[in-house]
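>>> Please work out how this folds:
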Amino acid sequence: MEANVRRIRIELVELLYYISVALSVGLFLFLNVSLFVHRNLLTVVSITTLILMIPTLLLNIRNISRSAFFFGITFLSCVLYQIIRATNTYFYSSIEIFYAIRQYTWVLLFFVLIYLFANDEKKMKRILDNTLSILSVSLLLRFFSWFSFTFLKANLFPNILMEFGKLWYRNETSIRVDGTPLISIAMFLTFYLFLKYRDKKYLYTLMFMLLFAIFVNQTRMLIFPQIFSMILMYVYHKFPYMPLYLLFVIVGISCFFFLGGSEWFKNWIDAFNNGTSDMGLGYRYWELKYYLGLLTDYRWINGLGILTSSNPNSYFILFGPGRVQMYLDDLGFIELFVQFGLLAIFLYGYLLYMLTKLIRRMKTKQYIYERSLFIGLMANILITAPSLNIFGSQRSYSLVIILAMVFFYDYQLKRKDNKNG
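Numbering: from 1, shown residues only. You can find the predicted model right below:
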């Protein structure tokens, strides 16, 4: 009887996790369910799942990395501290508090994923395969919608095309469709799984995702760092004893010249003169100057608190002083720093510390593929930090998978050390 109850609980938690994945990748946009509703439902599902998981997590505390509990409790404390400050400063209502903390509640689902992995690589692979399948369905729907609008002039699945409220133009003739919060981590996972298991289905999935990122998503700060980081993964798995600094230098220089070199750099400089329609670097510099200007008089220590556009006082700060709206989420890590102050350095820093720690400990042949994955992830997080905030609303769900895998292998290595010791 007890075994049946436990099995039902696991199946329920796993189902709720898959529902959260579907909501995070906007799977139901084609049914005219808006992104706003997706995010609200995702938050409700996340909170419900976490509440259901509390007794189970406490019972299994010895089978989960202590670092996971340290980060989870500290992260939750940081969020609660900043939302209390923001509520007192901007007079948030209950519903505005809910909107402000949505993306941070999603991150805590990494505990659910660790539990589902059950310290078993086979179970982990099955969960990741299912996650990738849900994402692939969403990307296919997005591709069909983009293709129909671009080449057939047909407005198929308008909620996908206008996911963020309006058409997202790369230039006057080309629109973009977002690749969901999971596309970046999914490309790393498919490449890692292909290298480890040599199953061609992962290679085909990876090629589709890369083509989607290049032609449909069309985000420069997604494509180049992704390619660079995956080349790092490949080179390391071929030459696992090469010093890491030499690996970064060789691959970095090779990527620079292979992907356009001086011409790309020229275009990068020219981007300072771009109009706001493409959000060029000149515009981002204007945004950076404004938002950092808000942190004078020691406000940089604690930040401004968690901001939300649903509250008029907070929205006034987010919009900026001019007629053209500014976007804090254009500024990557700075988005987190403006809101959390020095705590933002801890949040990013602890993730990078754990990745560095795992990379240094995974020196045996047994973990060559995992080490290459974490090298790629760390490189990608560092390179994209100036423009993509991994704790932001469009990226934070990817942390569920990243943190779960980090703490999964942290526990595996500690258990192995204890056996050997």
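
>>> going forward, measure contacts and count neighbours with C-alpha atoms only.
Noted.

>>> how about the helices in the stretch 301-421 of the chain?
All helices of the stretch 301-421 of the chain, identified by DSSP state H, counting those that start in this stretch, fall at 312-319, 333-340, 343-361, 368-384, 398-420.

>>> Return the most buried member of those.
Among those, the stretch with the highest mean neighbour count (mean count of other Cα atoms under 10 Å) is helix 333-340, at a mean of 25.

>>> so what does it touch, helix or strand wise?
When contacts are defined as 3 or more Cα pairs under 8 Å, 6 or more residues apart in numbering; DSSP states H and E, helix 333-340 packs onto helix 66-90, helix 299-302, helix 343-361.

>>> mind saving the C-alpha coords of the last one as CSV?
The C-alpha trace of helix 343-361 is given here as CSV (Å, rounded to 0.1, in the frame of the first residue of the first chain):
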residue,chain,number,x,y,z
LEU,A,343,22.9,40.0,-3.8
ALA,A,344,22.9,39.7,-7.5
ILE,A,345,26.6,39.0,-7.4
PHE,A,346,26.0,36.1,-5.0
LEU,A,347,23.2,34.6,-7.2
TYR,A,348,25.3,34.6,-10.3
GLY,A,349,28.5,34.0,-8.4
TYR,A,350,27.3,30.9,-6.6
LEU,A,351,26.1,29.3,-9.8
LEU,A,352,29.5,29.9,-11.5
TYR,A,353,31.3,28.7,-8.3
MET,A,354,29.4,25.4,-8.4
LEU,A,355,30.1,25.0,-12.1
THR,A,356,33.8,25.7,-11.6
LYS,A,357,33.9,23.3,-8.6
LEU,A,358,32.3,20.5,-10.7
ILE,A,359,34.6,21.1,-13.6
ARG,A,360,37.7,20.8,-11.4
ARG,A,361,36.4,17.6,-9.7
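
>>> which other residues reach it?
Helix 343-361 is contacted by residues 71, 75, 78, 302, 333, 336-337, 371, 374-375, 378, 403, 406, 409-410, 413 when judged by Cα atoms under 8 Å, 6 or more residues apart in numbering.

>>> Leu16: which of the residues you listed is nearest?
Minimum distance to Leu16 across the contacts of helix 343-361 is 18.4 Å, recorded for Leu403 (Cα to Cα).

>>> The closest one against Val112, yeah?
No. If you go by Cα atoms under 8 Å, Leu403 and Val112 don't touch, sitting 11.0 Å apart.

>>> just so I know, which of the helices of the stretch 301-421 of the chain lies nearest Leu31?
helix 398-420 (23.8 Å).

>>> on that earlier part again, reformat the helices and strands packed on helix 333-340 as a markdown table; add distance to Ser396.
Compiled in a markdown table, those are given as follows (distance: least, Cα to Cα, whole Å):
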| stretch | distance to Ser396 |
| --- | --- |
| helix 66-90 | 13 |
| helix 299-302 | 21 |
| helix 343-361 | 12 |
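
>>> Of all these, which one is nearest Tyr367?
With Cα to Cα as the criterion, Tyr367 lies closest to helix 343-361 of these, at 9.3 Å.

>>> Give me the distance from the closest one to the chain's centre.
In this view, helix 343-361 has its centroid 15 Å away from the chain centroid, taken as Cα atoms, centre = their mean, to the nearest Å.

>>> what's Asn155 in contact with, if anything?
Shown in contact with Asn155 (Cα under 8 Å, 6+ apart): Ser145, Ser148, Phe149.

>>> Of the residues you listed, which is the nearest to Leu203?
Leu203 lies nearest to Ser145 out of the contacts of Asn155, by Cα to Cα, at 23.8 Å.

>>> and the closest one, how far is that from Leu210?
17 Å (Cα to Cα, to the nearest Å).

>>> Please enumerate the strands of this protein.
Assignment of strands within the chain using DSSP state E yields the ranges 168-169, 175-176.

>>> Return the distance of stretch 24-36 from the chain's centre.
18 Å.

>>> mind listing what's buried in it?
Buried residues in stretch 24-36, counting neighbours by 16 or more other Cα atoms under 10 Å, are found at Ser24, Val25, Gly26, Leu27, Phe28, Leu29, Phe30, Ser34, Leu35.

>>> Please give me every residue in contact with the third one.
Spelled out, it's Gly26. Gly26 makes contacts with Leu35, His38, Ser138, Thr180, as judged by Cα under 8 Å, 6+ apart.

>>> didn't the last one look like it was pressed against Val25?
Spelled out, it's Thr180. Yes. With contacts counted by Cα under 8 Å, Thr180 reaches Val25, the gap being 5.1 Å.

>>> Do you know the pLDDT at Leu247?
Note on Leu247: pLDDT of 62.

>>> do the same with Val324
In this model, Val324 is scored at 74, pLDDT.

>>> What count of nearby residues applies to it?
9 (other Cα atoms under 10 Å).

>>> where's it relative to Leu331, distance?
Val324 sits 16 Å away from Leu331, going by Cα to Cα.

>>> Show me which helix or strand of this structure is least confident by mean pLDDT.
Ranking every helix and strand in the chain by mean pLDDT, DSSP states H and E puts helix 262-270 at the bottom, with a mean of 48.

>>> what's the offset of the longest helix seen in the chain from the middle of its chain?
Using DSSP state H, we find that the single longest helix of the chain is helix 121-151. Mean-position distance between helix 121-151 and its chain equals 16 Å (Cα atoms, centre = their mean).

>>> So which other helices or strands are in contact with it?
helix 2-24, helix 110-117, helix 158-161, strand 175-176.

>>> Counting neighbours, which bits of that helix end up buried?
124, 127-129, 131-132, 134-136, 138-139, 141-143, 145-147, 149-150.

>>> And for stretch 218-232?
218-219, 222-232.

>>> would a markdown table of those residues with pLDDT and distance to Arg102 be doable?
A markdown table is the format used below for the buried residues of stretch 218-232 (pLDDT from 0 to 100; distance: Cα to Cα, whole Å):
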| residue | pLDDT | distance to Arg102 |
| --- | --- | --- |
| Gln218 | 85 | 27 |
| Thr219 | 81 | 25 |
| Leu222 | 81 | 24 |
| Ile223 | 86 | 27 |
| Phe224 | 85 | 29 |
| Pro225 | 87 | 27 |
| Gln226 | 91 | 27 |
| Ile227 | 90 | 30 |
| Phe228 | 87 | 31 |
| Ser229 | 90 | 29 |
| Met230 | 93 | 31 |
| Ile231 | 89 | 34 |
| Leu232 | 87 | 34 |
